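Participant: following is a predicted model, sequence given first.
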Amino acid sequence: MVGEDMGECQYPRSCGEYGVCREGQCSCPISLDKIQYFRSVQSQLPSLGCSRITPLSCQQSFNQHQLLEIENVTFFNVIDLGAAFPNIKDINQCKQACLQNCSCSAAFFSYQNITDDGYCFLPVKILSIRESRFPRTDFAYRTYIKVQIPNDMSLRSVPEAAPLSPPSVNKSNFTALIAGSSAVAFVLGIFILILSMIRRRNSIDDDDECIGQISGLPMRFSYEELRLATEELKEKIGGGGFGTVFKGKLGDGTEIAVKRLDKLSQGMKEFLAEVRSIGSVHHFNLVKLIGFCAEKNCRLLVYELMKNGSLDNWIFSTDKRPSSHQLNWQTRKKIVLDIVKGLAYLHEECHQKIIHLDIKPQNILLDENFNAKVSDFGLCKLLERDVSQIQTTMRGTPGYIAPEWRLPRITIKVDIYSFGIVLLEIVCGRKNFDGTRSDSSSHLLKLLQDKAMENKFLDLIEIYDEETMNHEEEVLRMIKIAAWCLQDDHTRRPTMSIVAKVLEGVMEVEEESISYCFSHALAHPVLAPPDKVSEPPQGFCSFLS
């Protein structure tokens, strides 16, 4: 029925990211006053989606962002498992929450009768926007996409002026006019060129002065050095929301990974202060920052090269994966302990506590001996040792974000929640969300909750082979540690130093502290009002708590 009513628009990527699907036709969002904030990724193929003409800048989030309303939209497709904000019932509060959260890409609000009693969704990842109506629903929908106000906005909205009849001029006057205009243009061009060179020189001097004022920085590279080291950024080996990573080699033969920051959300001083802080952190289980490059709009970070890449390439089981590309149980155990030691150092042993804020398999790198090291501190926050909480905008990766991110302040326990998800993925050999599976097994946290009720934890293991059978007791302990780290109440989660002691056999899991009722397990990838989301059996959560 849905397919018949919606046609091509029933598919989540029918018009690509940010594409508007109407009666099977794709277009880009446009404001009511006809200002264009989006353009097609490829004009000849509108189904490839749209991109912002002016990229979002978090640095200007409070005065340069606005919400673009899309009219007559009845469904907005998202894949964020944590997009629903049940505590926000009012449409204006929903919009403000998106404007104040740098990670939010859009605000979606559904309601039945009044706009101060509805359901708020703040997605990060945006797929196609659908304008076809769903059958058999009495819900109304309001959709707002966050856009950056361009500096030249007035130029984009100026209507085309009617052509004017040129004044009558004779040939000699016309020639003189052209010659005079050319001369003026030439002089003006020379003046602008000289002015831009002076400004550029002053900017470079300002940057050098800024860098010279900050002591304790790691090695500084020039852009030319890193361009040659990477053979003009030839070999891409990774990337994420904030940058792209390239393989390189220095003149002395040292192999490096160069990360080009694609989103410059900081000023120069803030960037250098963060480089100094991260550069001063040294631990075997943290990827070493060798140096940096800061030349105006170009910012590069130089790390040690991790030859076996990121953890996600190794832990998720697929039928096509060769046996040489799989990790045995002992290696997985060692990787888990390496991650724990790295996080324990950040949280408890540094001069300043560091909250990583984006722990996930893609940010755990493996060297040639499969030693695991925590990487990518692009979202991290620094805390003085006597400070336990910090106020910041929501950040991280959907699926690894702790439930308390909806509160004004967070602690180091958000990293511990993310680690719990990663640990579950390592032990079970599958991703925390897999849309190709049935509804009952697509969400790993929901599956853990269900299997805990049946006391069938081992059913979570993707490949239950002889090796797993020989280490059942250790596998069960790991699953329980993961559940301990995933408690909704962050005060009930262990610290990383305690997890290390449990893994080393010095302590036991505090099973009485574990509840297997997870609020995130109730989230569903399909956007639906909270009263439509499946819940665990009556009494299950209270019994286990």
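Facilitator: Okay, I see it. Numbering: from 1, shown residues only.

Participant: could you find the closest non-adjacent residue to the residue nearest the centre of the chain?
Facilitator: Taking Cα atoms, centre = their mean as the criterion, Thr397 is the residue nearest the geometric centre of the chain, at 4.5 Å. Once flanking residues are discounted, Thr397 sits nearest to Lys360: 5.2 Å by Cβ to Cβ, 6 or more residues apart in numbering. Bear in mind the C-beta positions are built from the backbone N, C-alpha and C, glycine included.

Participant: quick check: pLDDT value at the one you found.
Facilitator: On pLDDT, Lys360 comes in at 94.

Participant: count of residues packed around it?
Facilitator: 22 (other Cβ atoms under 10 Å).

Participant: likewise for Phe221?
Facilitator: Close neighbours of Phe221, defined as other Cβ under 10 Å, add up to 22.

Participant: how about the CA coordinates for the longest strand belonging to the chain, as CSV?
Facilitator: For the chain, the longest strand by residue count, based on DSSP state E, is strand 140-148. Coordinates of the C-alpha atoms in strand 140-148 are reproduced here as CSV (Å, rounded to 0.1, in the frame of the first residue of the first chain):
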residue,chain,number,x,y,z
ALA,A,140,1.1,16.4,10.8
TYR,A,141,4.8,17.0,10.1
ARG,A,142,7.0,20.1,10.1
THR,A,143,10.5,19.9,8.7
TYR,A,144,13.4,22.4,9.1
ILE,A,145,16.8,22.0,7.6
LYS,A,146,19.8,23.9,9.2
VAL,A,147,21.6,26.2,6.8
GLN,A,148,24.4,28.7,7.0
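
Participant: and that strand, what does it pack against?
Facilitator: Where contact means 3 or more Cβ pairs under 8 Å, 6 or more residues apart in numbering; DSSP states H and E, strand 140-148 is packed against strand 65-70, strand 75-78, helix 91-99, strand 106-111.

Participant: can you put those in a markdown table and add mean pLDDT and mean neighbour count?
Facilitator: Shown next, in a markdown table, are the helices and strands packed on strand 140-148 (pLDDT from 0 to 100; neighbours: other Cβ atoms under 10 Å):
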| stretch | mean pLDDT | mean neighbour count |
| --- | --- | --- |
| strand 65-70 | 86 | 18 |
| strand 75-78 | 61 | 23 |
| helix 91-99 | 88 | 19 |
| strand 106-111 | 86 | 24 |
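
Participant: how about the ones you listed, which one is nearest Glu368?
Facilitator: Nearest to Glu368 among the helices and strands packed on strand 140-148 is strand 75-78 (39.4 Å), distances taken as Cβ to Cβ.

Participant: and after the closest one, which helix or strand comes next?
Facilitator: strand 84-85 (DSSP states H and E).

Participant: list the strands paired with that following strand, with their directions.
Facilitator: Taking DSSP bridges as the criterion, strand 84-85 forms sheet pairs with strand 118-121 (antiparallel).

Participant: export only the CA atoms of the partner strand, formatted as CSV.
Facilitator: Provided in CSV are the C-alpha atoms of strand 118-121 (Å, rounded to 0.1, in the frame of the first residue of the first chain):
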residue,chain,number,x,y,z
GLY,A,118,4.3,16.6,19.7
TYR,A,119,7.5,14.6,19.0
CYS,A,120,10.9,16.2,18.3
PHE,A,121,13.6,14.5,16.2
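
Participant: which parts of it are buried?
Facilitator: 118-121 (16 or more other Cβ atoms under 10 Å).

Participant: and if you look at stretch 447-459?
Facilitator: 447-453, 457.

Participant: over to stretch 372-391?
Facilitator: Those would be 372-383, 390, for stretch 372-391 by 16+ other Cβ under 10 Å.

Participant: looking at the residues you listed, which is nearest Asp488?
Facilitator: Ile390 (20.0 Å).

Participant: show me the contacts for the closest one.
Facilitator: Residues near Ile390 by Cβ atoms under 8 Å, 6 or more residues apart in numbering: 355, 381, 383, 409-411.

Participant: do that again at 7 Å, thanks
Facilitator: By Cβ atoms under 7 Å, 6 or more residues apart in numbering, Ile390 lies in contact with 381, 383, 409-410.

Participant: and for Ile70?
Facilitator: With Cβ under 7 Å, 6+ apart, Ile70 has these contacts: 20, 29, 129, 143, 145.

Participant: now these in CSV, with distance to Gly239?
Facilitator: Formatted as CSV, these follow (distance: Cβ to Cβ, whole Å):
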residue, distance to Gly239
Val20, 28
Pro29, 26
Ile129, 26
Thr143, 29
Ile145, 24
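
Participant: which one of those residues is nearest to Cys298?
Facilitator: Ile145 (29.8 Å).

Participant: quickly note the distance from the closest one to Asn297.
Facilitator: As defined by Cβ to Cβ, to the nearest Å, Ile145 lies at a distance of 27 Å from Asn297.

Participant: burial count for the nearest residue to Ala229 once chain neighbours are set aside?
Facilitator: By the measure of Cβ to Cβ, 6+ apart, the closest residue to Ala229 outside its immediate chain neighbours is Gly248, 3.9 Å from it. Counted by other Cβ under 10 Å, the residues lying close to Gly248 total 23.

Participant: so which strand or helix has the nearest residue to Phe457 once chain neighbours are set aside?
Facilitator: Leaving aside its sequence neighbours, Phe457 sits nearest to Ile479 (Cβ to Cβ, 6+ apart; 5.1 Å). Assigned by DSSP H and E, Ile479 belongs to helix 472-485.

Participant: hmm, who's touching that helix?
Facilitator: Outside helix 472-485, the residues that reach it (Cβ under 7 Å, 6+ apart) are 416-417, 419-420, 423-424, 427, 448, 457-458, 460-461, 468, 493-494, 499, 502, 509, 511, 513-514, 516.

Participant: just the buried residues out of those, in ChimeraX syntax.
Facilitator: Typed into ChimeraX, the line below selects the buried ones among the contacts of helix 472-485, using 16+ other Cβ under 10 Å:
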select :416,417,419,420,423,424,427,448,457,460,461,468,493,494,499,502,509,514,516
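
Participant: which of the contacts of helix 472-485 fall in strands?
Facilitator: Applying DSSP E to these, no entry is found in strands.

Participant: so the residue nearest to Ala229: helix, strand or coil?
Facilitator: At Gly248 the chain is in strand, as set by DSSP: H, G, I helix; E, B strand; the rest coil.

Participant: is it in contact with Ile256, as I believe?
Facilitator: Yes: if you go by Cβ atoms under 7 Å, Gly248 and Ile256 touch, sitting 4.8 Å apart.

Participant: overlap in contacts of the two?
Facilitator: Ala229.

Participant: returning to that earlier point: number of nearby residues for the residue nearest to Phe457?
Facilitator: So Ile479, with other Cβ under 10 Å, has 22 neighbours.

Participant: roughly how far apart are it and Leu445?
Facilitator: 12 Å.

Participant: ok, back up a step: quick check, nearest of the contacts of Ile70 to Ser110?
Facilitator: Thr143 (9.7 Å).
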